[in-house]
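J.: I'd like to go over a predicted model; first the sequence, then the structure.
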Amino acid sequence: MNFGFSEEQELLRDQVVRFITDECPIDVVRTFEPDTNRALWKKIAELGWVGLTVPERFGGSGLKWVDLTVVLEETGRGLCPLPLTSNALACAAILRSGSISQQKEWLPKIASGSVVFGFGLYDEPNWIDKDAITLDASDRITGTKTFVSDALLATHVMVGVQTKNGPALTMTDVNAVECVALNVMDRTKPAAQVSFDQVQATVERLLPLSDADLDYLNSCGAVAITAEMVGAAEAVLGLTSDYAKERIQFGHPIGKYQGVKHRLADMFVDIESFKSLLYYAAWCVDDATDELSQAASRAKATASDAFAQIGIDGVGLHGAIGYTAEYDVQLYLKRAKWARAMFGDSDFHYDRVATLGGL
Amino acid sequence: MDFDFTPDEEAFRTEVRAFLSQNLPPRNERSGSFMRDWLDKVRAKGWVGFSWPKSVGGSDGDVARQAILKEEMALAGAPPLGTSFMGLAWVGPGIIQYGTDEQKARFIPDILDSKVTWCTGYSEPNHGSDLAAIQTKAERIGDHYKVNGQKIWTTGAPYADWMILLTRTDFNTEVKHDGITCLLVPMKTEGVEVRPIENMAGDRHFAEVFFTDVEVPIENRLGDEGKGWAVTISALANERSSIGEVTQMFGKLEDLKQLVRGTRKQGAPASEDPLVRRRIAEFETKIAAMKYNGLRYLTRQLRGQPLSSETSVNKLLRASLEIEMDDFAVELQGQEGVQFQTQTARWARSSLSWPNVVIGGGTPNIQRNIISERILGLPKD
């Protein structure tokens, strides 16, 4: 029985924390551009983080999603806009659904950092289902994928399409498509609308998706986003607790008053809960895939609602200062709103928990 | 990360299961002497006071085996391992940590053998959550203390043999936590009067206890004079960790799902109602969170890192679950939910007994104080 991180994993965490502090602190986050991304991506490729879950035979580090969770928690804590989740999902899709030759072609390039994927599964904004993938690839791909994460930071996009044989993912060079930036509330999660015009959909560029594959991939997405939410929510709790110790009203730090301190205690309880659920789900990705759907849904459902409230209360407990653009806590509120529906909101995931639990 | 126990630990689990299949007949097949036999048998196995040192009659059971034993007992729906819940949960551990050798020899065997039951004299009419402000007075006179005052909400007092009693021996200390002294008092002592209080479920488990010139010999003092608060703190910590019983809650959840499957709402099966489904899923998820929180804390203990106040997390989760699950079950059944004569009356009854768990051992707001002050470092109020 060992439900904790190893020494190596703690060292990895320290390394990521140092990187965020030195290379991607909040002023860099606020002004992040594709150029910033290119420079930093090269550095984290050298550190081995972009190929973390790529097997060693394909040039990666051969680690697991539990290790990836450590990285994503810390990048989430710093709201780091590097497209690590899109990249990790592309790896997961190629490893699960790709042929040997596709794996040989793509994984080493991902691990070296020369290929970076933007990622978009669904065409419907609030529907997690294979039928929500409608971009037509029965012949050549023509149409628009409205929500593609990180497309403008990527060399390629991996998006959901419908082929004659059912849903699949296409891997397409960004130069073959038109990417138009979306104006996303959370600027640290850039996304684009990607238009395809008669783009070839050859077998070599398609990853077929069975129902189980799609379920797996959506669960991985939920795990990745929730890992970032853990770090981000802890950042809100830290910022707000520090403020509550310093801000004096009625002659005392406001953290002395139960209306403030009890809400902070409840935040701690919520974060502990979705953190524990997340760690188990991350472990399931590699070591208990049959339990992944349930574990991922439990984690994401809890995190979606809890972090949304933490974002709101983080701003609210600061009072007017929290409302200013200059103060960082509002950035986390925006992340909470962005993350809430990604790969399924709490309604979707709780209903899946009910079904998997026999109702 | 891995969730496997070692082969030795798994062998222990097998041993527990084998014992249970041999010695735990279904509820309706248990004879009148079942409970006494059960207590003797689990005692003979060394499972009562399993974590306690061998020197006092325990088994030095390690943290992993403690968890396995608890889990298997709960899975099988086994009765308690002793008749004195408080004796096993915190009075015993308190005596082991703070008692003299004479006290250990005198009190521990009777707790292990289920010969005595204990109650806990902490709360007073004016001092419950603010426990350190207690006023029950103990005056040192020669070789004994003379106790005067009143306790209240004392669970088990109507049938307990002994009480662990918190008194004040010094009224002039700067800090209210000093000046508290812990005494071990036989309930049959002259001057001790117990008046049971009926709770909202109609039970009489707790009581007011009055002390009038009660003489308690000095050898019954647990810990040093004026140092009773340390004993109390360790007892409450034991209480917090011993109440979180995830397996039992998963069992209750299954019963709740069964209720949902057999219930109709607005003319349709309740199991198809999106809000019903969501509530059940929320309960399940919260219990799972308790489980994995517990396993993370267990891992810390296995690595030799002492737990601090994290146990308050599961205590808070459990408190809300206890209230919400029963409340949901009662509401789901509509007018039938509030009847005491139905087959499903257990939900109506348990919806009136949550304060045992929710208030006993520190109210939710006290747990929030503990988390915000000890973990988040916010100022004390």
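T.: On my side now, so go ahead.

J.: A:E105: what secondary structure?
T.: Under DSSP: H, G, I helix; E, B strand; the rest coil, the three-state class of A:E105 is helix.

J.: Which parts of the stretch 51-200 of chain A are helices?
T.: A:65-77, A:84-97, A:100-112 (DSSP state H, counting those that start in this stretch).

J.: okay, how far is it across stretch A:114-122, tip to tip?
T.: Criterion CA to CA, to the nearest Å; first-to-last residue distance in stretch A:114-122 is 26 Å.

J.: Flag every buried residue along that stretch.
T.: A:V115, A:V116, A:F117, A:G118, A:F119, A:G120, A:L121, A:Y122 (16 or more other CB atoms under 10 Å in any protein chain shown). Heads up, the C-betas are built off the backbone N, CA and C, glycines and all.

J.: Kindly report the same for stretch B:266-276.
T.: Neighbour-count burial for stretch B:266-276 [16+ other CB under 10 Å]: B:A270, B:S271, B:D273, B:V276.

J.: could you dump the residues you listed to JSON lines with secondary structure, distance to chain A and pLDDT?
T.: Formatted as JSON lines, the buried residues of stretch B:266-276 follow (DSSP: H, G, I helix; E, B strand; the rest coil; distance: CB to the nearest CB, whole Å; pLDDT from 0 to 100):
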{"residue": "B:A270", "secondary structure": "helix", "distance to chain A": "9", "pLDDT": "97"}
{"residue": "B:S271", "secondary structure": "helix", "distance to chain A": "5", "pLDDT": "97"}
{"residue": "B:D273", "secondary structure": "coil", "distance to chain A": "10", "pLDDT": "97"}
{"residue": "B:V276", "secondary structure": "helix", "distance to chain A": "8", "pLDDT": "98"}
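
J.: and which of those residues is nearest A:K164?
T.: Of all the buried residues of stretch B:266-276, A:K164 sits closest to B:S271, with 37.6 Å by CB to CB.

J.: Backbone dihedrals for A:N2, please?
T.: Note on A:N2: backbone dihedrals following degrees, to the nearest 10 are phi -150, psi 90.

J.: Does it touch B:R300 like I think?
T.: No: in this structure, A:N2 is not within contact of B:R300 by CB atoms under 8 Å, at 10.7 Å.

J.: which of those two has more neighbours?
T.: B:R300 (17 against 14; other CB atoms under 10 Å in any protein chain shown).

J.: Around the nearest residue to the more buried one once chain neighbours are set aside, count how many other residues there are.
T.: Setting aside the residues directly before and after it, B:R300 is nearest to B:L307 in space (CB to CB, 6 or more residues apart in numbering or on different chains), at 6.4 Å. Other residues near B:L307 come to 13 when the count uses other CB under 10 Å.

J.: quick one, strands of the stretch 51-200 of chain A?
T.: Counting by DSSP state E, counting those that start in this stretch, the stretch 51-200 of chain A has strands at residues A:117-120, A:141-149, A:156-163, A:166-173, A:178-181, A:191-199.

J.: Run the angle between the third one and strand A:166-173 for me.
T.: Right, strand A:156-163. Relative orientation of strand A:156-163 versus strand A:166-173 (axes from the mean of the first three to the mean of the last three CA atoms, to 10 degrees): 150 degrees.

J.: which outside residues touch strand A:156-163?
T.: Contacts of strand A:156-163 with the rest of the structure, by CB atoms under 8 Å, 6 or more residues apart in numbering or on different chains, involve A:86, A:89-90, A:93, A:115-123, A:133-138, A:141, A:145, A:148, A:151, A:167-174, A:177, A:179, A:194, A:201, A:206-209.

J.: before we move on, back to that, is it possible to get a markdown table of the helices of the stretch 51-200 of chain A that adds distance to chain B and mean neighbour count?
T.: Shown next, in a markdown table, are those (distance: least, CB to the nearest CB, whole Å; neighbours: other CB atoms under 10 Å in any protein chain shown):
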| stretch | distance to chain B | mean neighbour count |
| --- | --- | --- |
| helix A:65-77 | 6 | 25 |
| helix A:84-97 | 18 | 24 |
| helix A:100-112 | 24 | 18 |
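
J.: So for B:L69, which of those sits nearest?
T.: That would be helix A:65-77 among these, by CB to CB, at 28.5 Å.

J.: quick one, that closest one and helix A:84-97 angle?
T.: Helix A:65-77 runs at 160 degrees relative to helix A:84-97, counting by the same axes, to 10 degrees.

J.: who does helix A:65-77 touch, helix- and strand-wise?
T.: When contacts are defined as 3 or more CB pairs under 8 Å, 6 or more residues apart in numbering or on different chains; DSSP states H and E, helix A:65-77 sits against helix A:7-23, helix A:84-97, helix A:211-246, helix A:258-287.

J.: Mind giving me the packing neighbours of the shortest one?
T.: By that I understand helix A:84-97. Packing partners of helix A:84-97 (3+ CB pairs under 8 Å, 6+ apart): helix A:65-77, helix A:100-112, strand A:117-120, strand A:156-163, strand A:166-173, strand A:206-208, helix A:211-246.

J.: gap between that helix and the chain center?
T.: For helix A:84-97, the separation from the chain centroid amounts to 12 Å (computed by CA atoms, centre = their mean, to the nearest Å).

J.: pLDDT on that helix, on average?
T.: What helix A:84-97 shows for mean pLDDT is 98.

J.: can you pull the alpha-carbon coordinates of that helix into PDB?
T.: Presented in PDB, the C-alpha positions along helix A:84-97 are these (Å, rounded to 0.1, in the frame of the first residue of the first chain):
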ATOM      1  CA  LEU A  84       1.100  20.200 -22.200                       C
ATOM      2  CA  THR A  85      -2.400  18.700 -21.800                       C
ATOM      3  CA  SER A  86      -3.100  18.800 -25.600                       C
ATOM      4  CA  ASN A  87       0.300  17.200 -26.100                       C
ATOM      5  CA  ALA A  88      -0.300  14.500 -23.500                       C
ATOM      6  CA  LEU A  89      -3.700  13.600 -25.000                       C
ATOM      7  CA  ALA A  90      -2.200  13.400 -28.500                       C
ATOM      8  CA  CYS A  91       0.400  10.900 -27.100                       C
ATOM      9  CA  ALA A  92      -2.300   8.900 -25.300                       C
ATOM     10  CA  ALA A  93      -4.300   8.700 -28.600                       C
ATOM     11  CA  ILE A  94      -1.400   7.600 -30.700                       C
ATOM     12  CA  LEU A  95      -0.300   5.000 -28.100                       C
ATOM     13  CA  ARG A  96      -3.800   3.600 -27.800                       C
ATOM     14  CA  SER A  97      -5.200   3.800 -31.300                       C
END
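
J.: Next, the contact list for B:E225, please.
T.: B:R140, B:T169, B:T181.

J.: Please indicate which of these are buried?
T.: Buried subset of the contacts of B:E225 (neighbour count, 16+ other CB under 10 Å): B:T169, B:T181.

J.: Arrange the contacts of B:E225 in a markdown table, one row each, with pLDDT as further columns.
T.: A markdown table is the format used below for these (pLDDT from 0 to 100):
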| residue | pLDDT |
| --- | --- |
| B:R140 | 97 |
| B:T169 | 96 |
| B:T181 | 97 |
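
J.: Can you narrow the contacts of B:E225 down to the ones near chain A?
T.: Contacts with chain A are made by none of the contacts of B:E225, judged by CB under 8 Å from any CB of the partner chain.

J.: And the contacts of B:E225, which is closest to A:G238?
T.: Of these, the one sitting nearest to A:G238 (CB to CB) turns out to be B:T181, at 40.6 Å.

J.: Which strand or helix spans that closest one?
T.: strand B:180-186 (DSSP states H and E).

J.: Pull the residues that contact that strand.
T.: Under CB under 8 Å, 6+ apart, the answer for strand B:180-186 is B:94-95, B:98, B:103, B:107, B:121, B:132, B:134, B:138, B:145, B:147, B:161-169, B:192, B:214, B:216, B:220-223, B:225-229, B:231-232.
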